[in-house]
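What shape does this take:
(one chain, ligands or ions: 1)
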Amino acid sequence: MEVADGAFTTVDIGVPAAGASILPGVVLPGFADVHGHAFHRALRGRTHDDGGTFWTWRERMYAVAERLDPDTYLALARATYAELALAGVTTVGEFHYLHHGPGGVPYDDPNTMAAVLRQAADEAGVRLTLIDACYLRGGFEVPLAGVQLRFADRDVDAWAARVADLNADDSCRIAAAAHSVRAVPAEALPTVAAFDGPLHVHLSEQPAENDECLAATGRTPTRLLDDSGFLGPRTTVVHATHLDPEALRTLGERGSWVCACPTTERDLADGIGPMRALADAGARLALGTDQHVYADLLGEARALEDGERLTSLQRGRFSPPELLGAVTAHEALGWHDVGAIAVGRRADLVAVPLDRSGTAGIDPAQVVLAPTTVDTVIRDGDVVVSGGRHVLGDVGRLLVDVIGTL
Ligand SMILES: [Zn+2]
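Numbering: from 1, shown residues only. Coordinates of the predicted model:
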């Protein structure tokens, strides 16, 4: 492979040129973490003491959100993105809703927190899609309260005006989201859907969302989104765990992306979504780490397949190439020139060595299904991870320092 200006100019099979660098093991395209919230990383391994539910977990998450300021958010996001890079992620989709200061008071620059996330991604060596999420209420017929005020703009027009001030560049794209049908009223959804770019939304993660949406609107969340013009090929729905047959069919017919976050759905006891059926219906699959209970996108792919096996009692529900496709879904984040090792594509590479304890003896074609072992990560031709070490140094120390502060 030869690279110029961050893109492949030659991809060939043969004897390497003199002076070429040789990457170890199997070399894959860089991975895309299509859905995550960097600040949730501070919750890992801290929410299991009293069991609890999705909703009590959410209270803990709010407590972290309450404490963050631009400095601590920068440090936490930078370390979190660096941890993802160690696992082969080259594009991060940050589903961003922690917009404002305490009490919901906007910062002098209302996009201060967005700027912090962009800086964090740059310093961690990952490309970013900043998915700015509209968040207007606490739930169906429930007003905003407490830390939720930090998530909310005055109304959907104020959200749209703030997002219009965000500019894309070579390492950052802008996408829009409705946080969920819980947090965005039906009448505001068309304004969010009018955004010119990728659209994201949390969908039917918990049965309670479906029940409340039906009670409040007479429609399922999927039907409500579809009626609002929200669903199409540029749309990514996140989770899609609890779908009725009509919702499943609609997502397939619209050709939308479905982003499963299997380790989060497992951790929060959400359930196992119908991912094989969605793919068969025409939806395209992506994967996200969501709450960062693990920072391992290949692990998400294995959890996707494992969930299918456990519910269907069949092996091989997704082939290794299908799983690899799901970990390289950069397109769902608006990056159409990333995700393949081919001339003209951006030069993102992940080298998986085959001489380590986790990978020794495996069939290279099935590397996705072996324990994640990453030696080298290259993004846009630049080395971000080498010998399993991030250019920022000791990522564990970076995480310990900032989580300790929080
Ligand atoms: Zn999420």
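
Need the residues that contact the worst-scoring helix or strand of the chain on mean pLDDT.
Least confident helix or strand, the chain: helix 54-67 with a mean of 89, by mean pLDDT, DSSP states H and E. Contact with helix 54-67 is made by 39-40, 42-43, 46-47, 50, 98, 102, 146-148, 150-151, 205-206, 268-270, 291, 406, as judged by CB atoms under 8 Å, 6 or more residues apart in numbering. (Each C-beta comes from the backbone N, C-alpha and C, glycine too.)

ok, and for that helix, which residues are buried?
57, 61, 64-65 (16 or more other CB atoms under 10 Å).

Do a quick rundown of the helices in the stretch 301-406 of the chain.
320-327, 395-405 (DSSP state H, counting those that start in this stretch).

Tell me how many other residues crowd Thr235.
24 (other CB atoms under 10 Å).

how near is it to Asp348?
As judged by CB to CB, to the nearest Å, Thr235 and Asp348 stand 24 Å apart.

Asp122 in helix, strand or coil?
helix (DSSP: H, G, I helix; E, B strand; the rest coil).

correct me, but Ala277 touches Pro245?
No. Using CB atoms under 8 Å, Ala277 is not in contact with Pro245, being 9.2 Å away.

Who has more neighbours out of these two?
Ala277 (16 against 10).

sec struct for that one, please.
Quick answer, by three-state DSSP: Ala277 is helix.

For it, list the residues it contacts.
Ala277 touches Leu248, counting by CB under 8 Å, 6+ apart.

Next, please give the residue ranges for the strands of the stretch 51-200 of the chain.
89-96, 127-134, 172-178, 199-203 (DSSP state E, counting those that start in this stretch).

closest to Val400 out of the ones you listed?
strand 89-96 (20.7 Å; CB to CB).

Just give the strands next to that closest one in its sheet, each with its orientation.
strand 31-36 (parallel), strand 127-134 (parallel) (DSSP bridges).

can these go into CSV with extra columns for distance to Leu324, mean neighbour count and mean pLDDT?
As requested, the strands paired with strand 89-96 are arranged in CSV below (distance: least, CB to CB, whole Å; neighbours: other CB atoms under 10 Å; pLDDT from 0 to 100):
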stretch, distance to Leu324, mean neighbour count, mean pLDDT
strand 31-36, 9, 31, 98
strand 127-134, 19, 26, 98
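
which stretch among these comes nearest Gln314?
Once the strands paired with strand 89-96 are compared by CB to CB, strand 31-36 is nearest, at 25.9 Å.

That'll do, ta.
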